[in-house]
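[1] Give me a model of this one.
(4 chains)
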Protein chains: 4
Amino acid sequence: MLSRRTVCRVIYADTDNMGIAYYANYLKWFEIGRTEMLRSLGFSYKDIEAKGIFLPVSEAFCKYIFPARYDDILTIETTPDSSVKAGMKFDYAIFNQEDRLIAKGYTKHPFVNADGKVVRPPKFLTDLINILR
Amino acid sequence: MLSRRTVCRVIYADTDNMGIAYYANYLKWFEIGRTEMLRSLGFSYKDIEAKGIFLPVSEAFCKYIFPARYDDILTIETTPDSSVKAGMKFDYAIFNQEDRLIAKGYTKHPFVNADGKVVRPPKFLTDLINILR
Amino acid sequence: MLSRRTVCRVIYADTDNMGIAYYANYLKWFEIGRTEMLRSLGFSYKDIEAKGIFLPVSEAFCKYIFPARYDDILTIETTPDSSVKAGMKFDYAIFNQEDRLIAKGYTKHPFVNADGKVVRPPKFLTDLINILR
Amino acid sequence: MLSRRTVCRVIYADTDNMGIAYYANYLKWFEIGRTEMLRSLGFSYKDIEAKGIFLPVSEAFCKYIFPARYDDILTIETTPDSSVKAGMKFDYAIFNQEDRLIAKGYTKHPFVNADGKVVRPPKFLTDLINILR
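    So this is what the prediction gives:
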């Protein structure tokens, strides 16, 4: 099973009044996870868009298990769900510097064109999908 | 079934490179929805925290149905899920100015004390929960 | 001197580890201030963009005088600086619910076209500028 | 003159409807710049707070010279302004992957205690200030 790990740090901007990371920021970390996974496979999401294909988010889920705190170093592990046939789905697990699982979740993405219409993936993307499977 | 509606506008800060609202911002709108629902019932979340009880998010889900765009006026409809026994769960539906459903989702919240330990809700909160049921 | 006031609330997402609003969020409130000022004069910034003119930010300044806290109700007072000849400049003052001045600052904006080139304002914008002066 | 460089990438969350990074995000990059500068000198801002001293922002300025775009790799160069006697001031310059200066600015910070009162810096901080001068 193909997984990729990328690291980022919790900054002050990410924290809230409770002294922990605000819950919406985990979705930003999910974005970093899937972008860096694609990049590690030679697919820059920017280049995918330059070819006229967009992967907006159609569904997002996050389970918050343990708080992320200011200055924590987070490891985002991203795994594509190869069982999904239409579009793409990524599973995420976030660990802190003590290797404790602090959150997990997923996002789903259809392939759409510049007009926002769902489309079949072009050849370069089916190549990517085949790598992920 | 008890529901409350509150309104907010999509600002430039909420949008992204695709010309639509970035997906993490919907969780901010969910926050506004549940906070204003509680306020409309006479419960300020700030006051709840001042009494030593916190409602962090343990789970969040959002289904993105139609894009929110810059300057859209969003109506966030929040409904407590009265079937939940431990903690609270809120369901959300977001509509744009054409009354089109653009997103729906939920958040779950345990009751915790200042040390982050899950606690039974004190009297003033069971009063609130009884209103919501 | 033309000034407009608009109101917004500090949400949990705006706060940080220090229990106060994170400093970058004031620039979002400045955005709300200038957008609502323009709207009150019959100029939606969205419509300005639809006519091919953009007002990116070329300079921003903020002096933080007193903390904004969770659930505060902020009043953003926006005043155009009529002495500026090229582009637009807005001055801001933010007050909390006790009418205490908590921040002041400004932003500067050139007029640019869709290619990002600085342009002279078209007629509909000189009309706006004349109202502001 | 003591300067430190740190690198970060523009993510989708940072961009806006104009296809460029939203102006408030530069203040987040300034935060990353000053935090990593302090860390490189052996001073974690988290540890400074743990000793009861906070450095909120009293003033922030940014001049936007060239747009930051999605997926850009930014280098944040942070330089302390040693002429400042009360509190700290940091100057920032942000460059993109083509080494083009895209923004510059500064932030000012008083030393305050947990009650928000301005205080003289304790010994460990005057040591830091002496390194920076």
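[2] out of everything not next to it in sequence, what's closest to A:Trp29?
    A:Ile76 (5.3 Å; Cβ to Cβ, 6 or more residues apart in numbering or on different chains). In short, each C-beta sits where N, CA and C put it, glycine included.
[3] go on, A:Lys46?
    D:Asp71 is the one closest to A:Lys46 (Cβ to Cβ, 6+ apart), at 4.3 Å.
[4] roughly how far apart are the residue nearest to A:Trp29 and chain C?
    21 Å (Cβ to the nearest Cβ, to the nearest Å).
[5] what's the answer for A:Pro121, then?
    30 Å.
[6] I'd say the residue nearest to A:Trp29 and A:Ile32 touch.
    Yes - counting by Cβ atoms under 8 Å, A:Ile76 touches A:Ile32, with 6.1 Å between them.
[7] joint contacts of those two?
    Residues touching both A:Ile76 and A:Ile32 by Cβ atoms under 8 Å, 6 or more residues apart in numbering or on different chains: A:6, A:8.
[8] higher neighbour count, those two?
    Taking neighbours as other Cβ atoms under 10 Å in any protein chain shown, A:Ile76 and A:Ile32 compare with A:Ile76 leading, 23 against 20.
[9] Dig out what the more buried one forms beta bridges with.
    Going by DSSP bridges, A:Ile76 is paired in beta bridges with A:Thr6, A:Ile94.
[10] ok, the residue nearest to A:Trp29 - contacts?
    A:Ile76 touches A:5-8, A:29-30, A:32-33, A:36, A:92-94, counting by Cβ under 8 Å, 6+ apart.
[11] go on, A:Phe111?
    Residues near A:Phe111 by Cβ under 8 Å, 6+ apart: A:53-55, A:87-88, A:118-121, A:125.
[12] Helices - which of the residues you listed land there?
    Mapping those onto helices (DSSP state H) picks out A:Leu125.
[13] Please list which of the contacts of A:Phe111 are also close to chain B.
    Counting by Cβ under 8 Å from any Cβ of the partner chain, A:Phe54 from the contacts of A:Phe111 sit close to chain B.
[14] out of the contacts of A:Phe111, who's nearest chain C?
    Nearest to chain C among the contacts of A:Phe111, counting by Cβ to the nearest Cβ, is A:Phe54 at 19.8 Å.
[15] Pull the contacting residues for that closest one.
    Residues in contact with A:Phe54, defined by Cβ under 8 Å, 6+ apart, are A:48, A:111-114, A:116, B:18.
[16] of all the residues in chain A, which ones are close to chain B?
    Residues of chain A lying near chain B by Cβ under 8 Å from any Cβ: A:17-18, A:20, A:23-25, A:27-28, A:31, A:49, A:54, A:56-64, A:67, A:107, A:116.
[17] Pull out the buried residues from the residues you listed.
    Buried members of those, counted by 16 or more other Cβ atoms under 10 Å in any protein chain shown: A:17-18, A:20, A:23-25, A:27-28, A:31, A:49, A:54, A:56-64, A:67, A:107.
[18] can you map out the strands along chain A?
    Under the criterion DSSP state E, chain A contains strands at A:4-9, A:59-64, A:73-80, A:88-95, A:101-109.
[19] got a list of contacts for the fourth one?
    Yep, that's strand A:88-95 we're talking about. Strand A:88-95 has contacts (Cβ under 8 Å, 6+ apart) with A:26, A:29-30, A:33-34, A:37, A:55, A:68, A:74-81, A:101-109, A:111, A:129, A:132.
[20] next one: the last one
    Under the criterion Cβ under 8 Å, 6+ apart, residues A:26-27, A:30, A:34, A:55-68, A:74, A:81, A:84, A:87-96, B:23 lie in contact with strand A:101-109.
[21] same thing with the first one?
    Judged by Cβ under 8 Å, 6+ apart, the contacts made with strand A:4-9 from elsewhere in the structure are A:29, A:32-33, A:36-37, A:40, A:71-78.
[22] Most neighbours among those, please name it.
    A:Gly33 (28 neighbours).
[23] do you know how far that residue is from B:Lys28?
    Applying Cβ to Cβ, to the nearest Å, the value for A:Gly33 to B:Lys28 is 21 Å.
[24] out of the contacts of A:Ile76, which one sits closest to chain C?
    A:Trp29 (15.3 Å).
[25] pLDDT on the lengthiest helix in chain A, on average?
    Looking across chain A with DSSP H, the single longest helix is helix A:25-40. For helix A:25-40, mean pLDDT rounds to 97.
[26] Check which helices and strands that helix sits against.
    strand A:4-9, helix A:45-50, strand A:59-64, strand A:73-80, strand A:88-95, strand A:101-109 (3 or more Cβ pairs under 8 Å, 6 or more residues apart in numbering or on different chains; DSSP states H and E).
[27] give the contact list for the most far-flung residue of chain A relative to its centre.
    Using Cα atoms, centre = their mean, the residue of chain A lying farthest from its centre is A:Asn17. It sits 25.9 Å away. Residues in contact with A:Asn17 (Cβ under 8 Å, 6+ apart) are B:49, C:12, C:15-16, C:19, C:70.
[28] ok, now with 6 Å
    Going by Cβ atoms under 6 Å, 6 or more residues apart in numbering or on different chains, A:Asn17 touches C:15, C:19, C:70.
[29] Please pick the buried ones from the residues you listed.
    Those of the contacts of A:Asn17 that meet the buried threshold are C:15, C:70, by 16+ other Cβ under 10 Å.
[30] Name the weakest-confidence residue in the contacts of A:Asn17, if you would.
    C:Gly19 (90).
[31] which one is it nearest to, not counting chain neighbours?
    A:Asn17 (5.5 Å).
[32] And the pLDDT for that neighbour?
    At A:Asn17, pLDDT is 91.
[33] chain center to the longest helix of chain A: distance?
    With Cα atoms, centre = their mean, to the nearest Å as the basis, helix A:25-40 stands 4 Å off its chain's centre.
[34] how big is the angle separating that helix from strand A:88-95?
    Inter-element angle recorded for helix A:25-40 and strand A:88-95: 110 degrees (by axes from the mean of the first three to the mean of the last three Cα atoms, to 10 degrees).
[35] any idea how far A:Lys117 is from A:Phe111?
    Distance of A:Lys117 to A:Phe111, computed by Cβ to Cβ: 10 Å.
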